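Asker: Next one to model:
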Amino acid sequence: MTLRVRLLLVGLALAVLALGYETFRLAELAGRFEVAAREAGRGEERGAVPLPSDRASGPAVGAAAGVATAPIDALTYARLELELASQRQQNAALVTLLEQRNQELARLERAANDAAAAALAPMPEGVRLCLAALREALRQEGYDQLRFLRATALDEHGLHGVEALQSEAQGLSATLWFAGRMTASLDRAAGVLELRFFDGRRIVDGTVEPLPAEGAVVRFPEVDGRSLERRLPALLTAHGDYPLPPPEPGKVPTLDPGTRERWTRSFDRLLRPDATGLRWRVTDFRSLQDGWFVAAELIATDARHHVLGSAFAGRLAVEIDERTGVVSLLLRDGSLRREGVETTIGADGFRMVLPDVQPPEAIDAMLGMVVRR
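Answerer: Predicted coordinates for the structure are as follows:
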């Protein structure tokens, strides 16, 4: 029990004793008045009641004891009775207040004891491992100013009962965090980790600040999101998509399937059956570079969809000759197989003329992605 609580109890007890003494004094005085009135009624036929001396004590007071008395009327006697009743009511109210205060103090003492016992209890193993993983992940990212002291629980809503110490980089300031709950979220696209503290307070250089309803945020930019997701699967909530990695020097990035499909449909608008009924189709390619389609694959089919030929081109483009109005499919650095014969295509290229296709139509179908001869 703290010194403040003890002083409060002593003060309340003294107040109760003072009220009790005053009540006893008034009761004694009223009793003497009543005895004196009865004695006066027996001995003399008067219209007033003798007033006993305040210093006299016991029932033998008044005229029989030889002490001078002063008469009082019924109104004065009634006033004294009212004061006595009022004093008793105040005494009872103060006793009730003292009992309520004692109950409240007992409740606060039990809560303090429970909190002290909880503070001394060891952390659950899962919580301890989570805090250790979070601290190590932040340290590897170069953020070692935030240290977690303890937490009591971990569930889908985050960490509970969190205590943490955050120091400034220069070591001249510190912040103590006491949060009922803490969440961790990751923005994959921006590479930013956010720790948000709820339901508690923070102490900044001795100044206590309650945490806002929306939570107080500590941000860590430029983090390795993939590593954090591997380390903190039970705590971290991630949103967004990771940016595509930059291409390696000399390496062409791969297009996504949706983009490749749109370009193959553009080729289908231009590649029509020739006079023999043979039709070439671009079935796949890896990427685009400087207006050329990289690592393209083609097949040739007849009217019954039998495969009669195939080709591979390290680089493929739609070529137009605006002077003659001829549109061709230009293949370079690959091979051509037809009727069981394979032909190598060098850097000079191999052209497949596209009949009935004019340069404006080719430019429109390929969205301007053509080469000129």
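Asker: So which bits of stretch 310-325 are buried?
Answerer: 310-320 (16 or more other CB atoms under 10 Å). Every residue, glycine included, has its C-beta placed from N, CA and C.
Asker: Alpha carbons of it, as PDB, please.
Answerer: In PDB, the C-alpha atoms belonging to stretch 310-325 read as follows (Å, rounded to 0.1, in the frame of the first residue of the first chain):
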ATOM      1  CA  SER A 310       8.000 -24.000 -88.600                       C
ATOM      2  CA  ALA A 311      10.500 -21.300 -88.000                       C
ATOM      3  CA  PHE A 312      12.500 -19.700 -85.300                       C
ATOM      4  CA  ALA A 313      13.800 -16.100 -85.400                       C
ATOM      5  CA  GLY A 314      16.100 -14.500 -82.900                       C
ATOM      6  CA  ARG A 315      14.600 -11.200 -84.200                       C
ATOM      7  CA  LEU A 316      11.300 -10.700 -86.000                       C
ATOM      8  CA  ALA A 317       9.700  -7.600 -87.500                       C
ATOM      9  CA  VAL A 318       7.000  -6.500 -90.000                       C
ATOM     10  CA  GLU A 319       8.900  -4.700 -92.800                       C
ATOM     11  CA  ILE A 320       7.200  -2.300 -95.200                       C
ATOM     12  CA  ASP A 321       8.500  -0.900 -98.500                       C
ATOM     13  CA  GLU A 322       6.600   2.300 -99.000                       C
ATOM     14  CA  ARG A 323       8.100   2.800-102.500                       C
ATOM     15  CA  THR A 324       6.800  -0.500-103.800                       C
ATOM     16  CA  GLY A 325       4.000  -1.000-101.400                       C
END
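Asker: about what we covered before: make JSON lines from the buried residues of stretch 310-325 and add secondary structure, pLDDT and distance to Thr344 to it.
Answerer: Below are the buried residues of stretch 310-325 laid out as JSON lines (DSSP: H, G, I helix; E, B strand; the rest coil; pLDDT from 0 to 100; distance: CB to CB, whole Å):
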{"residue": "Ser310", "secondary structure": "strand", "pLDDT": "90", "distance to Thr344": "14"}
{"residue": "Ala311", "secondary structure": "strand", "pLDDT": "91", "distance to Thr344": "11"}
{"residue": "Phe312", "secondary structure": "strand", "pLDDT": "92", "distance to Thr344": "10"}
{"residue": "Ala313", "secondary structure": "strand", "pLDDT": "91", "distance to Thr344": "11"}
{"residue": "Gly314", "secondary structure": "strand", "pLDDT": "90", "distance to Thr344": "11"}
{"residue": "Arg315", "secondary structure": "strand", "pLDDT": "91", "distance to Thr344": "14"}
{"residue": "Leu316", "secondary structure": "strand", "pLDDT": "92", "distance to Thr344": "16"}
{"residue": "Ala317", "secondary structure": "strand", "pLDDT": "91", "distance to Thr344": "19"}
{"residue": "Val318", "secondary structure": "strand", "pLDDT": "92", "distance to Thr344": "22"}
{"residue": "Glu319", "secondary structure": "strand", "pLDDT": "92", "distance to Thr344": "20"}
{"residue": "Ile320", "secondary structure": "strand", "pLDDT": "91", "distance to Thr344": "25"}
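Asker: what two of the residues you listed have the greatest distance between them?
Answerer: The span of the buried residues of stretch 310-325, defined through CB to CB, is set by Ser310 and Ile320 at 24.9 Å.
Asker: ok so Pro360 is a helix residue?
Answerer: Yes - under DSSP: H, G, I helix; E, B strand; the rest coil, Pro360 sits within a helix.
Asker: hmm, who's touching stretch 173-182?
Answerer: Contact with stretch 173-182 is made by 151, 157-168, 195-205, 211, as judged by CB atoms under 8 Å, 6 or more residues apart in numbering.
Asker: Just the buried ones from those?
Answerer: Neighbour-count burial (16+ other CB under 10 Å) applied to the contacts of stretch 173-182 gives 151, 158-164, 166, 195-198, 200, 202, 211.
Asker: all helices in this structure, in order from the N-terminus.
Answerer: Secondary structure of the chain (DSSP state H): helices located at 3-43, 74-120, 125-140, 225-231, 257-270, 359-365.
Asker: Help me confirm that Arg260 comes into contact with Phe285.
Answerer: Yes - assessed by CB atoms under 8 Å, Arg260 is found in contact with Phe285 at 6.5 Å.
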